[in-house]
Structure formats: structure tokens, C-alpha cells
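Novice: all I have is the shape, not the residue letters:
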């Protein structure tokens, strides 16, 4: 099994910054990609940013230029630095990892964190 533990959520004023982190642990052979998704009340979960094992990144248009995703591969950790936050960034942020486990080296499975609330409000 693989566990993802997120941290860093909270209340932020508009225009402010916040950093999220997510650490993966467990029966990990290789993490192919890690990313962040978010879900606002009444909306579907959406991709925020993703980073592959090779370091390629992809961002949602709504956060491009304001958010930065990075990893510490040695620690199986992914970070999301959020700057110039807007009220519409308010959501529960979920960490995702595409993992090949020691029990199944051939197939990558999706694992999710429990979510962390980010609220942007004055």
C-alpha cells in the first residue's frame, strides 16, 4: 500500500502565498508522476499541476504563472507553491501519485491524499 500525506492548507488573504507539500510512503517501487488536483464546492475535481519523473510539468491555465510544482524525488515528496492567490483558488487540494508498487512492478496505479483545505478570503 501507498500513503500520501498532505500538509500546508489554511486561510490566506487574496494576493497572498501558500505552500503545500505531500509525502508518499509505503511499498513504492517507482513514482511516475505526482500532481495536485482541487475540488471547490459544487464543482468537479480538476487538475492543478502535475510533474513527471523526468521533471516535465503541466499546469491548468487558471494557475499558470502563479503556481509552481516541484519534487524531491529522493524523499518522494511533491510541493505546490501558490502565489497571487485569488478567492477562486479556494478548494480542497488533493495530492495524487502514479505509483508502481513493489507488489506490482508493471502497472502504475493512482493514489490520493486525504485533501487539505485552502481558503482564500479577506
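Specialist: Thanks, I have the structure now. Quick caveat, the model's predicted, so the values are computed rather than measured. Numbers count the residues shown, from 1 in each chain.

Novice: from here on, just use CA atoms for contacts and neighbour counts.
Specialist: Will do.

Novice: so for this structure, the centremost residue is which one?
Specialist: Note on the chain: the residue nearest the mean C-alpha position is residue 36, at 2.5 Å, using C-alpha atoms, centre = their mean.

Novice: specify the local secondary structure of that residue.
Specialist: strand (DSSP: H, G, I helix; E, B strand; the rest coil).

Novice: output the contacting helices and strands for the lowest-mean-pLDDT helix or strand in the chain.
Specialist: Lowest mean confidence among the helices and strands of the chain (mean pLDDT, DSSP states H and E): strand 104-112, at a mean of 93. Where contact means 3 or more C-alpha pairs under 8 Å, 6 or more residues apart in numbering; DSSP states H and E, strand 104-112 is packed against strand 2-7, strand 91-101.

Novice: and these, which is most packed in?
Specialist: Among the helices and strands packed on strand 104-112, the stretch with the highest mean neighbour count (mean count of other C-alpha atoms under 10 Å) is strand 91-101, at a mean of 23.

Novice: now that one: mean pLDDT?
Specialist: Across strand 91-101, pLDDT averages out at 96.

Novice: counting by contacts, list what that strand packs against.
Specialist: strand 2-7, strand 28-39, strand 104-112, strand 116-120.

Novice: just put these in CSV and tack on distance to residue 76.
Specialist: Formatted as CSV, the helices and strands packed on strand 91-101 follow (distance: least, C-alpha to C-alpha, whole Å):
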stretch, distance to residue 76
strand 2-7, 10
strand 28-39, 8
strand 104-112, 13
strand 116-120, 18
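
Novice: out of the ones you listed, which gets nearest to residue 54?
Specialist: strand 28-39 (8.4 Å; C-alpha to C-alpha).

Novice: name every strand pairing with the closest one and say which way it goes.
Specialist: Applying DSSP bridges to the sheet, strand 28-39 is found paired with strand 46-52 (antiparallel), strand 91-101 (antiparallel).

Novice: let's have the ones you listed in CSV, adding distance to residue 30.
Specialist: Formatted as CSV, the strands paired with strand 28-39 follow (distance: least, C-alpha to C-alpha, whole Å):
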stretch, distance to residue 30
strand 46-52, 11
strand 91-101, 5
